[in-house]
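Asks: heads up, no residue letters with this:
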């Protein structure tokens, strides 16, 4: 798995937090200054945006799509993940922070 990112992007940071929390191995590729970088630095993303994830198939753009892909990947490895997430979302301090 490869993640094209920039350290200052909060979208990239969200994905990196998930990768770290779920202990997923990934090659991090810092594209550098996005304003001065050529399109080749962004890998297969024609929009020249970060983050972009490669995992043997089509490129995945957008941090929310990448997060969903990673969740699905982890869920296949740990079938009880949904149960744990459901239990956590029933806790008062977590439920209060959920959008309504």
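Replies: Arrived safely. The structure presented is a predicted model; accordingly, all values stated were derived computationally and were not measured.

Asks: Look up how far residue 75 lies from residue 27.
Replies: Distance of residue 27 to residue 75, given as CB to CB, to the nearest Å: 23 Å. From N, CA and C alone the C-beta is placed, and that goes for glycine too.

Asks: neighbour count winner among those two?
Replies: Applying other CB atoms under 10 Å to residue 27 and residue 75 shows that residue 75 carries more neighbours, namely 13 against 9.

Asks: For that one, grab phi and psi.
Replies: Note on residue 75: its backbone torsions stand at phi -60, psi -40 [degrees, to the nearest 10].

Asks: Quickly note the distance from it to residue 18.
Replies: For residue 75, the distance to residue 18 - CB to CB - is 13 Å.

Asks: would you list every one of the strands in this protein?
Replies: Secondary structure of the chain (DSSP state E): strands at 2-5, 27-30, 52-54, 60-61.

Asks: and the first one, what's its mean pLDDT?
Replies: Translated: strand 2-5. Mean pLDDT, strand 2-5: 92.

Asks: What strands line up against it, and which way round?
Replies: In the sheet, strand 2-5 lines up against strand 27-30 (parallel), strand 52-54 (antiparallel) (DSSP bridges).

Asks: what would the ones you listed look like in a markdown table with distance to residue 9 and mean pLDDT?
Replies: As requested, those are exported to a markdown table (distance: least, CB to CB, whole Å; pLDDT from 0 to 100):
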| stretch | distance to residue 9 | mean pLDDT |
| --- | --- | --- |
| strand 27-30 | 10 | 93 |
| strand 52-54 | 11 | 92 |
